[in-house]
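[1] Take a look and give me a structure for this.
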Amino acid sequence: MIAILGLRIGEALAIKWDRVDLDKRILTVDQAFSRGVLTTPKTKASFRKIYIPEPLITILSWHRQHSVFTEGHDFVFCGQDGDALNHDSLRRTVLYKAMDKAGIQREKFNHGFHIFRHSAITMLYRLTGDLKRAQGFARHSRISTTADTYVHSDPVESESTEMVAANISSADLLNERGICGTDQRAGPIKKGNPREKIAPKFFELNRKRRRRDSNPR
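    Numbers count the residues shown, from 1 in each chain. Sure, this is the predicted structure:
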């Protein structure tokens, strides 16, 4: 839930069944654990009704059917006694063990449950390029928080250059004289053509663009 909905761990552990509407697919976030105390979420913007996608509905429905504690006031994620789970204990006994088993090197203060929230926000931004949308998903009061802290980019950002290249035709880049003055003409791409060896990904993107332009929806 943290990875898909972008929840804070304290918000996820505070969810009770009466905040989960499986029929309408709505999760109401209005409580959170902070240092072991059940309180309100971090900021005013954190109060939100969140749409639950189908895969989570299936998992939550199964979880409720097999849980002992299913009343409205019960925690969705709880221990054998019905009490809410402890964040620090979960990190040590579940998350760290899973990371160690996967061979992921842990760094102090850098690897906790919050990394799932970071990843979800960053993934949404990379898929849409919409910072305002990422802010709404993260439930941040200020867009600068989203931009400065949560939206990460790769050390080598390739998507922008690929997008530009895809919108420049091969004839624009490779004139009639061919590549570097050779006699490779700007004709149809053939197997073994040096142009395709130099920039295979560019030519694939260019082909897709041309097919899309010639077959508008």
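
[2] Point to the helix or strand of this structure where mean pLDDT is at its lowest.
    When the helices and strands of the chain are scored by mean pLDDT, DSSP states H and E, helix 194-198 comes last with a mean of 43.

[3] Show me the domain layout of the protein.
    Per automatic domain parsing, the structural domains of the chain span 2-86, 159-214.

[4] and those domains, which one is worst for confidence?
    Mean pLDDT is lowest for domain 159-214 out of the domains of the chain, coming in at a mean of 49.

[5] Which parts of the chain are strands?
    Per DSSP state E, the chain carries strands over the ranges 20-21, 26-29, 32-34, 37-39, 48-51.

[6] Touching the second one from outside, list them.
    Contacts made with strand 26-29 from outside it, assessed by Cβ atoms under 8 Å, 6 or more residues apart in numbering, are listed as 5, 7, 11, 15, 19-21, 41, 46-52, 139. No exception for glycine: its C-beta is placed from N, CA and C like everyone else's.

[7] Which of those sits closest to R117?
    Within those, the smallest distance to R117 is 6.7 Å, found for L7 (Cβ to Cβ).

[8] Not including adjacent chain positions, what is the nearest residue to the closest one?
    The spatially closest residue to L7, leaving aside those adjacent along the chain, is M1, at 5.9 Å (Cβ to Cβ, 6 or more residues apart in numbering).

[9] Only whichever of the contacts of strand 26-29 are buried, select them in PyMOL.
    To isolate the buried subset of the contacts of strand 26-29 in PyMOL, counting by 16 or more other Cβ atoms under 10 Å, use the following:
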select buried, resi 5+7+11+15+19+20+41+46+50+52+139
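
[10] so which of the contacts of strand 26-29 comes closest to D100?
    Using Cβ to Cβ, the contacts of strand 26-29 come closest to D100 at L7, 24.1 Å.

[11] My guess is the closest one contacts R19. True?
    No - if you go by Cβ atoms under 8 Å, L7 and R19 don't touch, sitting 11.7 Å apart.

[12] Number of residues surrounding V68?
    The tally of other residues near V68 (other Cβ atoms under 10 Å) stands at 9.

[13] For stretch 51-61, buried residues please.
    Across stretch 51-61, burial judged by 16+ other Cβ under 10 Å covers 52, 56, 60.

[14] Please apply the same query to stretch 68-77.
    Neighbour-count burial for stretch 68-77, counted by 16+ other Cβ under 10 Å, picks out 69, 74-77.

[15] Contacts for it, please.
    Applying Cβ under 8 Å, 6+ apart, the external contacts of stretch 68-77 come out as 12-18, 20, 60, 63-64, 67, 78, 82-85.

[16] now the end-to-end length of that stretch.
    Stretch 68-77 has an end-to-end distance of 11 Å (criterion: Cα to Cα, to the nearest Å).

[17] Then stretch 60-74?
    End to end - Cα to Cα - stretch 60-74 spans 14 Å.

[18] now do stretch 16-24
    16 Å.

[19] still on that earlier bit, quick one, what contacts the residue nearest to L7?
    The contact partners of M1, by Cβ under 8 Å, 6+ apart, come to 7, 12, 15, 56.
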